[in-house]
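Mind looking at a prediction? Sequence and model below.
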Protein chains: 2
Amino acid sequence: MNKRVTIKDVAKKTGLSISTISLVINNKGNVSEETKQKVLQAIEELGYYPARSARSLASRKTGNIGFILTEEHFSRSEPFYTKIFLGTEFESRAYNYYVLLTTVPTQFSKSAIPRFLLENNVDGVIFAGKINQKYVKYVEELGLPYILVDYDLSGKKVSAVMIDNVGGGEMATDHLLKLGYRKVAFIGGDIEHPSIRGRFEGFKKALEKAGVECAVDMCVVEEPDTRVINGYRACEKLFTKLKPEAIFAANDAMAIGCLRFLKEKGIKVPDEVAVVGFDDIEACIHVEPRLTTVRVDKEELGVVAVKHLVEMIRKPNSGINRVYLPVKLVVRDSCGAKKKGFYVFDDSKIDESLI
Amino acid sequence: MNKRVTIKDVAKKTGLSISTISLVINNKGNVSEETKQKVLQAIEELGYYPARSARSLASRKTGNIGFILTEEHFSRSEPFYTKIFLGTEFESRAYNYYVLLTTVPTQFSKSAIPRFLLENNVDGVIFAGKINQKYVKYVEELGLPYILVDYDLSGKKVSAVMIDNVGGGEMATDHLLKLGYRKVAFIGGDIEHPSIRGRFEGFKKALEKAGVECAVDMCVVEEPDTRVINGYRACEKLFTKLKPEAIFAANDAMAIGCLRFLKEKGIKVPDEVAVVGFDDIEACIHVEPRLTTVRVDKEELGVVAVKHLVEMIRKPNSGINRVYLPVKLVVRDSCGAKKKGFYVFDDSKIDESLI
DNA sequence: TTTTATTCATAAAACGCTTTAAATAAATTT
DNA sequence: AAATTTATTTAAAGCGTTTTATGAATAAAA
């Protein structure tokens, strides 16, 4: 086990002080070009690389970013937040950061405070998804820069990377209206969630724009959350009294729940009812019929979050960043556009690369 | 921005030296019960938590685990390795470690050496999947403990967590034989890969056990890798000359490729040909017919890897750990067992939780 | 030539802990 | 009471960097 090469060795080899070596490494202060080259060469020859822990201790910069999400979001097997996380992992490498992930319970508790915060082991924090406000407050009090992803705090101006939910909801509904459907229903759950609410808002906006009435009983929004089973139930409620021509579900999971209910009842999709979802999860291309949806680029959410957070770390007090990521309509089979001769998004390549 | 509480503050408050505080924190040395309690209380009251960087520097323990996989494995969208990674993330929290992830190119290059190795920022390393031997060698020379997941190094006894590929291949083939199929084919790609080879081996073992001949042209193993498209091609090759009753594909992706080919040709599954895959990826329950396969618990691979690695970190020279994780046959629709009245694995709950 | 700027390099303190040899105090033996 | 053990506690030396105030050397200005 060969001894670690330290800054001292570089100093000794070049005959300079360790201060000078440090200045060269960090590209700071006034160092003549000549000595700079000498140092760089010595570093190269010795294979020197500064130790992270020593650097962190002295500079009070850890080189880490914390990623916090609720246990619930982490364990759900549909990898929505997982993908956001992987996006941050990927992007952070470009900025020479590592991402430390941790989950927290939905309820705040002192003992659940992420260890990397207690240990002073991150330079900034990303919160993904719905999160208890107290966690955010704690981070704020530490004086750490932070950014929210796919969530927003009401009554508080914070940095955030959000999905254009309103635009997406509008887009999906516009599409259904364009296909000639007039009796269009909305299905949602956890309606207090900013994202779901935004999608609902977009839905209503599109109807209004088109001069189509938005009947109250065409909007089923009482479900507690947005899983498949609740899509199933909401659809069931809807069909007890009404017969919509089209359904816009707040997310793909609920849309798949609809498909399931409709298949059981022998109601043909899209012939009798059109269905559109939101998110574009992988299951969309596997269900029958393949689900038309609004694509959210999950990795990109993570990428953008890291970009902004790093900027906030580098120049503090740079103000608040709020970004809305655009979404994209992906037309497949469940909306009936294909039969009507409309343009259909080609995702065959995505299909291929899938596995 | 309130000043950070340090060990000095605790020392001052208790009237003890910082050495004593440190000993209490680390539960080392001889400290009387009385002072220990006094210290613990002061720590509690001050809300003290040792700084990671200072600790790392002094103790030469970083509290981090490195996770290395090839770029290729990271970017493939089927989240096989991603799940392993999430398993390590999850488990490492139990041991108070953080996982630093990095990807490396397939070919070794000096400039691609993970930064956390250069910076001395990990206490041990997990390699996931096929990896260039030179990376492993580099880590070994650093004197760091390491463990391989889902890969093995020929001619080298290293710690590893492996899938019971042979057992799984045997299980799948046994199942097909039990259902009465005799003309059973094997489809594989990247046959040099230890996992694929193991599955093939299990296949042959089962046939031999049953006294069924393993014809050479019933084994298509020339494909360069195991993606859907190559499953499609291999199946095509197979059917130009032969008509097997059943196919065991080296993984689900290739099995899905088979399904695709067979659907195109109008060959009914499982009525005319039975298909069994390996891995149990999510697409299995979405394809038509749902794919019978051998389930690999990916998260568990990560969990077990962390467990062993932490043990190796804690007591060096504890020897080499080699673990084979058991697999499980998941019977769905593509093998024809259902129709023949065999037991069918119930994954409805998994279906539900999926989204 | 002397004074003032400017450029470059360094000494030394700090960052917040761990670790070990040594000091001290208390308890036990002789 | 002195000597020896044993149990606690601490001083001090790191760990490997960053970061300033200071100093030396050189160049420019007076």
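Sure, I can see it. Remember, predicted model here, so these are calculated numbers, not experimental data.

ok, now how distant is the closest residue to DNA strand D within the stretch 251-355 of chain A from residue B:184?
Residue nearest to DNA strand D within the stretch 251-355 of chain A: residue A:314 (12.8 Å; Cβ to the nearest atom of the strand). Just so you know, the C-beta spots here come from the backbone N, C-alpha and C atoms, and that holds for glycine as well. Residue A:314 is 61 Å from residue B:184, where distance means Cβ to Cβ, to the nearest Å.

With neighbour numbers in mind, choose between those two.
Comparing residue A:314 with residue B:184 by other Cβ atoms under 10 Å in any protein chain shown, the one with more neighbours is residue B:184, at 26 against 12.

Can you pull the phi/psi pair for the closest residue in space to the more buried one that isn't next to it in sequence?
With sequence-adjacent residues excluded and distances taken as Cβ to Cβ, 6 or more residues apart in numbering or on different chains, residue B:184 is closest to residue B:246, at 4.7 Å. In terms of degrees, to the nearest 10, the main-chain angles of residue B:246 are phi -150, psi 150.

Tell me who's in contact with residue B:246.
Residue B:246 is in contact with B:176, B:179, B:181, B:183-185, B:273-276, B:335, counting by Cβ atoms under 8 Å, 6 or more residues apart in numbering or on different chains.

Name the spans of chain A whose pLDDT lies under the cut-off.
Low-confidence segments of chain A, defined by pLDDT under 70: A:1-2, A:76-78, A:342-355.

And the helices in it?
With DSSP state H, the ranges of helices along chain A come out as A:7-14, A:18-26, A:33-46, A:52-59, A:71-75, A:80-94, A:115-118, A:133-142, A:165-178, A:194-210, A:228-241, A:252-264, A:298-314, A:348-353.

Residue A:291 is nearest to which of these?
Minimum separation from residue A:291 across the helices of chain A (Cβ to Cβ) falls at helix A:252-264, 5.8 Å.

The closest one: which residues count as buried?
Buried positions in helix A:252-264, judged by neighbour count with 16 or more other Cβ atoms under 10 Å in any protein chain shown: A:252-262.

And that helix, what does it pack against?
Counting contacts by 3 or more Cβ pairs under 8 Å, 6 or more residues apart in numbering or on different chains; DSSP states H and E, helix A:252-264 is packed against strand A:184-189, helix A:228-241, strand A:246-249, strand A:274-276.

still on that earlier bit, relative to residue B:158, how far out is the residue of the stretch 251-355 of chain A closest to DNA strand D?
Separation of residue A:314 from residue B:158 (Cβ to Cβ): 41 Å.

repeat for residue A:30
On the measure of Cβ to Cβ, residue A:30 and residue B:158 end up 50 Å apart.

And for residue A:315?
According to Cβ to Cβ, residue A:315 and residue B:158 sit 46 Å apart.

Comparing those two, which shows the higher neighbour count?
residue B:158 (16 against 9).

Residue A:115 reaches residue B:94, doesn't it?
No - taking Cβ atoms under 8 Å as the contact criterion, residue A:115 and residue B:94 are not neighbours in contact, 11.9 Å apart.

Name the residue in those two with the higher neighbour count.
residue A:115 (16 against 11).

Now do the more buried one against chain B, distance only.
Going from residue A:115 to chain B by Cβ to the nearest Cβ, to the nearest Å gives 7 Å.

next one: residue A:166
23 Å.

Excluding chain neighbours, what is closest to that residue?
Distance criterion Cβ to Cβ, 6+ apart; nearest residue to residue A:166, sequence neighbours excluded, is residue A:202 at 4.2 Å.

Just give the number of residues close to residue A:34.
Using other Cβ under 10 Å: residue A:34 sits among 8 other residues.

same deal with the one 5 residues further on?
Taking other Cβ under 10 Å as the criterion, the count of residues near residue A:39 is 23.

just residue A:36 next, same as before
14.

List the residues that contact the nearest residue to it once chain neighbours are set aside.
Of all residues not flanking residue A:36 in the chain, residue A:24 sits nearest, at 5.4 Å (Cβ to Cβ, 6+ apart). When contacts are counted by Cβ under 8 Å, 6+ apart, residue A:24 touches A:31, A:35-36, A:39-40.

sorry, back to before: possible to save the buried residues of helix A:252-264 as TSV with distance to DNA strand D?
TSV is the format used below for the buried residues of helix A:252-264 (distance: Cβ to the nearest atom of the strand, whole Å):
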residue	distance to DNA strand D
A:252	47
A:253	47
A:254	50
A:255	52
A:256	52
A:257	54
A:258	56
A:259	57
A:260	58
A:261	60
A:262	62
